[in-house]
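[1] Next one to model:
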Amino acid sequence: MANNKSAKKRITINERNRLENKFYKTSVKTLIKTFLGNLEIYKTSPTPENKEKVQNILNSIYSLIDKASKKNIFHKNMAARKKSKLALKFKNI
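    Okay, the predicted model is just below:
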């Protein structure tokens with residue numbers, strides 16, 4: 001257990017950062033799963049509403065990835081790789 005004030009503060013800061021990192025990582029994973037599911041729906045029935053829904057999900061994924069990359073939760077190359085793979089899947093419908 002922590003013996004001094006700075007060590008106790010470090011523990012609380014680490015816990016706060018861990019929860020924030022977990023939020024971004026799990027949110028991105030969940031959104032990617034919903035994106036891929038909606039992409040399959042769009043492939044079977046290509047309507048403008050489905051395409052718009054997939055595009056909105058892709059935009060929200062980009063936003064979360066960029067915010068996480070800005071806060072050094074994701075490395076910039078990893079963020080770019082994820083975004084390009086998703087864009088390629090959306091492009092090759």
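
[2] for the protein, which helix is longest?
    helix 5-44 (DSSP state H).

[3] Find the nearest non-adjacent residue to the residue nearest the centre of the chain, please.
    Most central in the chain under Cα atoms, centre = their mean is V28, positioned 2.3 Å from the mean C-alpha point. Leaving aside its sequence neighbours, V28 sits nearest to L64 (Cβ to Cβ, 6 or more residues apart in numbering; 5.4 Å). To be clear about C-beta, it is placed using only N, CA and C from the backbone, and glycine gets the same treatment.

[4] List the contacts of that neighbour.
    24, 27-28, 31 (Cβ atoms under 8 Å, 6 or more residues apart in numbering).

[5] okay, the strand or helix carrying it in CSV with CA atoms only?
    L64 belongs to helix 48-70 when assigned by DSSP states H and E. Extracted in CSV, the C-alpha atoms of helix 48-70 (Å, rounded to 0.1, in the frame of the first residue of the first chain):
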residue,chain,number,x,y,z
PRO,A,48,-29.6,4.8,-49.2
GLU,A,49,-30.8,4.6,-45.6
ASN,A,50,-28.5,1.7,-44.9
LYS,A,51,-25.5,3.4,-46.5
GLU,A,52,-26.1,6.6,-44.5
LYS,A,53,-26.3,4.5,-41.3
VAL,A,54,-23.0,2.8,-42.1
GLN,A,55,-21.4,6.2,-43.0
ASN,A,56,-22.6,7.7,-39.7
ILE,A,57,-21.1,4.8,-37.7
LEU,A,58,-17.8,5.1,-39.6
ASN,A,59,-17.7,8.8,-38.8
SER,A,60,-18.2,8.2,-35.1
ILE,A,61,-15.5,5.5,-35.2
TYR,A,62,-13.1,8.0,-36.8
SER,A,63,-13.9,10.6,-34.2
LEU,A,64,-13.3,8.3,-31.3
ILE,A,65,-10.1,6.9,-32.8
ASP,A,66,-8.8,10.5,-33.4
LYS,A,67,-9.6,11.6,-29.9
ALA,A,68,-7.9,8.5,-28.4
SER,A,69,-4.9,9.0,-30.6
LYS,A,70,-4.7,12.6,-29.5
